[in-house]
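In: just need the structure, nothing else, for what follows:
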Amino acid sequence: MKRTSAGLCGLVLSAAFTVAVQTPAHAAGYDGICTGADALSGVTVVIDFQELDGNGGAPAPTLTRCSPNPTPGTQRTGIQALQDAGISVAGVAQWGLAFVCRLQGRPSAAESIPISSNPNYREACVVTPPGAAYWSYWNATGTGTTWTYSSYGALNRNVIPGGFEGWSFSLNKTATSNPPPGVTPSNPAVNPDNPTVSLSVNDLDRKITLGQSTSLTWTSTNATALTAFSVAPAAGGGSWSGALAAPGGTKTVTPTAKGAYTYTIRATGAGGTVYNTATLTVQ
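Out: Presented below is the predicted three-dimensional model:
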């Protein structure tokens, strides 16, 4: 469910028929990058409104907020990170929180978005937004100064503790000219030698029917060894074990029983060992 040609892999939509998902009560997001106890367990969220700044409404300066992990050590999706940061998120009627349509209420249903093919376009959040006007999704490990465009949606990707989650509104851009957020994604608390690893299921809703196969994709930094560490429950999830290619790759899995399965990947490097997980439901 990726729009690679338009770069829409990372949207999360809300709809005219859906309500914005409010921040959970446990969230305690705050302005600025994550510091103190949150520096290595939380993630910093950046919302860059780009051309939406002042378009059809009040000016919208770039937001930078810490998204603390309410349960340090557990995995969170990009959507959970937004919510924990105190950012309002809305999806489309067609897909719910599988594509991002509005962040902090923008673009609103009342404002005109001047896309090339329709200068008076208004986003109703019913179906996937057009490739000419959507929220592009980015991430960074916190150890460098550049953003990476996400090839997976925020509902289907776990965040990197200590890293950055970025959202940048793309107006009349192409897959190669989408603007990254205008904030340098650097976290001084992160050891540049620390390994990072991310694991994703290559299905938008992370669900398949028994008898079907799917694939798991991983990416890593600073990892000298990657291992398909475990699948839980151990029986029925398909083959997921042994050494994996570094820094990234894809592996097909074919579950043999219905159920919810958690796949774990381990990354080892000079800075230590870290784990990441991805979940799949077999119906």
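In: what is the burial count for the closest residue to G272 other than its chain neighbours?
Out: Among residues not flanking G272 along the chain, N194 sits closest, at 6.3 Å (C-beta to C-beta, 6 or more residues apart in numbering). Every residue, glycine included, has its C-beta placed from N, CA and C. Using other C-beta atoms under 10 Å, N194 is surrounded by 23 other residues.
In: just I47 next, same as before
Out: Per other C-beta under 10 Å, the neighbour tally for I47 reads 24.
In: same check on S41?
Out: Neighbourhood size, S41 [other C-beta under 10 Å]: 16.
In: now L280
Out: Neighbours of L280 (other C-beta under 10 Å): 22.
In: repeat for R266
Out: Residues near R266, counting by other C-beta under 10 Å, number 18.
In: and the strands in the stretch 51-200 of the chain?
Out: Ranges of strands within the stretch 51-200 of the chain are 63-67, 89-90, 102-103, 113-115, 118-121, 133-140, 148-149, 164-171, 196-201, based on DSSP state E, counting those that start in this stretch.
In: just checking, what packs against the last one?
Out: Of the remaining helices and strands, those touching strand 196-201 by 3 or more C-beta pairs under 8 Å, 6 or more residues apart in numbering; DSSP states H and E are strand 214-221, strand 259-269, strand 272-282.
In: ok, the most centrally placed residue in the chain - contacts?
Out: When C-alpha atoms, centre = their mean is applied to the chain, the residue found nearest the centroid is A154 (2.7 Å). Shown in contact with A154 (C-beta atoms under 8 Å, 6 or more residues apart in numbering): 10, 12, 77-79, 81-82, 100, 137, 165.
In: can you give me the helices in the chain?
Out: For the chain, the helices defined by DSSP state H occupy 78-84.
In: just for it, where's the confidence low?
Out: For the chain, the stretches with pLDDT under 70 are 1-27, 54-59, 204.
In: show me it divided up by domain.
Out: Domain ranges of the chain: 30-171, 196-282, per automatic domain parsing.
In: out of those domains, which gets nearest to P185?
Out: domain 30-171 (3.5 Å; C-beta to C-beta).
In: ok, the residue nearest to G272 - contacts?
Out: Contacts for N194 (C-beta under 8 Å, 6+ apart) come out as 143, 162, 222, 269, 271-272, 274.
In: now swap in P180 and tell me
Out: P180 sits in contact with 138, 146-147, 149, 166, 168, where contact means C-beta under 8 Å, 6+ apart.
In: can you tell me how far it is from N172?
Out: As defined by C-beta to C-beta, to the nearest Å, P180 lies at a distance of 16 Å from N172.
In: redo the helices and strands packed on strand 196-201 as a markdown table? Include distance to A243.
Out: Converted to a markdown table, those look like this (distance: least, C-beta to C-beta, whole Å):
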| stretch | distance to A243 |
| --- | --- |
| strand 214-221 | 12 |
| strand 259-269 | 10 |
| strand 272-282 | 14 |
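In: re the thing from before, nearest to P70, of the contacts of P180?
Out: Comparing the contacts of P180 against P70 with C-beta to C-beta places G166 closest, at 21.4 Å.
In: next up, the contacts around that closest one.
Out: Neighbouring residues of G166 by C-beta under 8 Å, 6+ apart: 45-46, 48, 137-140, 147, 180-181, 183, 185.
In: now render the residues you listed as TSV, adding distance to L199.
Out: Shown next, in TSV, are the contacts of G166 (distance: C-beta to C-beta, whole Å):
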residue	distance to L199
V45	21
V46	23
D48	27
Y137	17
W138	18
N139	14
A140	18
W147	20
P180	23
P181	24
V183	26
P185	21
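In: most neighbours, which of the residues you listed?
Out: Highest neighbour count within the contacts of G166, by other C-beta under 10 Å: V45, with 28 neighbours.
In: give me the beta-bridge partners of that one?
Out: Going by DSSP bridges, V45 is paired in beta bridges with R65, E165.
In: how close does the nearest residue to N120 once chain neighbours are set aside get to L52?
Out: Using C-beta to C-beta, 6+ apart and skipping the chain neighbours, the partner closest in space to N120 is S112 (4.8 Å). When distance is defined by C-beta to C-beta, S112 is 11 Å away from L52.
In: one more: V100?
Out: Per C-beta to C-beta, V100 is found 13 Å from L52.
In: tell me which of these two has more neighbours.
Out: V100 (29 against 22).
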